[in-house]
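Engineer: fold the following.
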Amino acid sequence: MGYLSCSGETAVATCDPYGWDCKRIATTANAAATAKHKKPAKKIRKFSYCDLVKATDGFSAESFLGRGSHGCVYRAVLDDGKLVAAVKRTKVPSNPSAAAAAMANSNLNLIFNDGNNSNASPAENEVEILSRVHSPRLVNLIGFCDDVSDGQLHLVVEYMPNGSLYDLLHRSSRPPGWTRRIRFALQVAKAVQCLHSADPPVIHRDIKSSNVLIDGASNARLGDFGLALRGHVEDVRARCTPPAGTLGYLDPGYLQPSDLSAKSDVFSFGILLLEIVSGRNAIDVNFSPPSIVDWAVPLIRRRAFDAIWDDRIDPPADPAAVRSVAALAARCVKGSARRRPEMAEVVEGLREASRRARAWRNWGRRRRAGASAGVDDAAAGAAMRWRRR
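Structural biologist: As a prediction, this is how the structure comes out:
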């Protein structure tokens, strides 16, 4: 059974998601030009509470998919069976009647005060972020329920039928092979790049394998934006509460609000890359050292790449492709944020690794087909010697 999220590590601290001053100084001409070329916002639907109750069979145990970072998740069948979605149900900490009155307004800018509501819950934050950012690499928002009289806020998001990357890596009896792993890594990197290149940028702050969901076409999507921040880094206010994220993925240099930058996401993504390559958890007390960074990075520096490869699956057909991913991960988790690559560079590196992995997989298929048809052994040997170079 598919689900939206899994019971992976939970967030350890929450930061004021709207401690950002997003005001931009611009001339009237520049503002007009920006408005002219700005893409229209994706329409966010409003569902009635009755519709969601019916779609989830009364939020029954049979519809229950799992527990996310800020509430329970249910499978919902809407629009007379034409739309299968996931409903995230979470408590609203503020006055329910006041929240209902605010969310009843069709203008999301008024609902969330244009991204500066310092009292927003993680669920409200997710609505605010995803109402402005949409990508095929994200778990996108479909709509929400404006009836919070029961103290619950309901988000309707895209349904991911194939679970999470966390489960594929750590709980599946058949872990994904190297080509799929590198493809997943590239897809998540594109998701993070999309967030960082938005206007204003979005910093996710909770990139981890349990927040990467797999859709019906076996593509990786980045989800759960409860801790995300939207705005320009230089406008972070000192009143922002302490840093947030998940233990094991947190940037060690992110100790106070002023330390936050897009490179904090790069660090978390580097942990995810090490997890993908090794099949090991970010923090695992069964190992010494328990931190994946402290264990893997020294091996990568010594070029002992085969010591960190996930030994539950066959060695990579093209070791160079996986070596490049591991080396890229080591750069992403450098202690100094300044020395970490930008996500655009990460995407390019993974795109090349993915291309190589696919090429070798296709070559292997042709070689097996050729062998069954009596391919010349000398030609096959020459190809293998080229591979070892």
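Engineer: touching, Leu222 and Ile207? I think so.
Structural biologist: Yes. Using Cβ atoms under 8 Å, Leu222 is in contact with Ile207, at 7.1 Å. (Each C-beta comes from the backbone N, C-alpha and C, glycine too.)
Engineer: common neighbours of the two, please.
Structural biologist: Residues touching both Leu222 and Ile207 by Cβ atoms under 8 Å, 6 or more residues apart in numbering: 188, 192.
Engineer: hang on, Cys72 in a strand?
Structural biologist: Yes. Counting by DSSP: H, G, I helix; E, B strand; the rest coil, Cys72 is part of a strand.
Engineer: now do the same contact list for it.
Structural biologist: 59, 64, 66, 88-90.
Engineer: and if you look at Arg89?
Structural biologist: 59, 71-74, 152-154.
Engineer: related to what we said a few turns ago, out of the contacts of Cys72, who's nearest Asp284?
Structural biologist: Closest approach between the contacts of Cys72 and Asp284, by Cβ to Cβ: Gly66, at 21.9 Å.
Engineer: helix or strand: which one has that closest one?
Structural biologist: strand 64-68 (DSSP states H and E).
Engineer: report the rounded mean pLDDT for that strand.
Structural biologist: Per-region confidence: strand 64-68 scores 88 on mean pLDDT.
Engineer: for that strand, C-alpha coordinates in PDB please.
Structural biologist: Listed next in PDB are the C-alpha coordinates belonging to strand 64-68 (Å, rounded to 0.1, in the frame of the first residue of the first chain):
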ATOM      1  CA  PHE A  64      -4.700   5.600   6.900                       C
ATOM      2  CA  LEU A  65      -1.400   5.900   5.100                       C
ATOM      3  CA  GLY A  66       1.000   6.900   7.800                       C
ATOM      4  CA  ARG A  67       2.100   9.700  10.100                       C
ATOM      5  CA  GLY A  68       3.900  12.700   8.600                       C
END
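Engineer: in the stretch 101-250 of the chain, where is pLDDT below threshold?
Structural biologist: Of all residues in the stretch 101-250 of the chain, those with pLDDT under 70 make up the ranges 101-120, 149-150, 233-242.
Engineer: could you pull out the helices in it for me?
Structural biologist: Secondary structure of the stretch 101-250 of the chain, counting by DSSP state H, counting those that start in this stretch: helices at 108-111, 122-130, 165-170, 178-196.
Engineer: coming back round to it: ok, the contacts of Arg89 vs Tyr254, which is closest?
Structural biologist: The closest of these to Tyr254 turns out to be Gly71 (Cβ to Cβ; 25.3 Å).
Engineer: which residue, neighbours along the chain excluded, lies closest to the residue nearest to the spatial centre of the chain?
Structural biologist: For the chain, the residue nearest the mean C-alpha position is Leu222 (2.7 Å; Cα atoms, centre = their mean). In this structure, Leu222 finds its nearest non-sequential neighbour in Ala191, 3.8 Å apart by Cβ to Cβ, 6 or more residues apart in numbering.
Engineer: quick one: Glu62 and His154, what's the gap?
Structural biologist: Here the criterion is Cβ to Cβ, to the nearest Å. By it, Glu62 lies 18 Å from His154.
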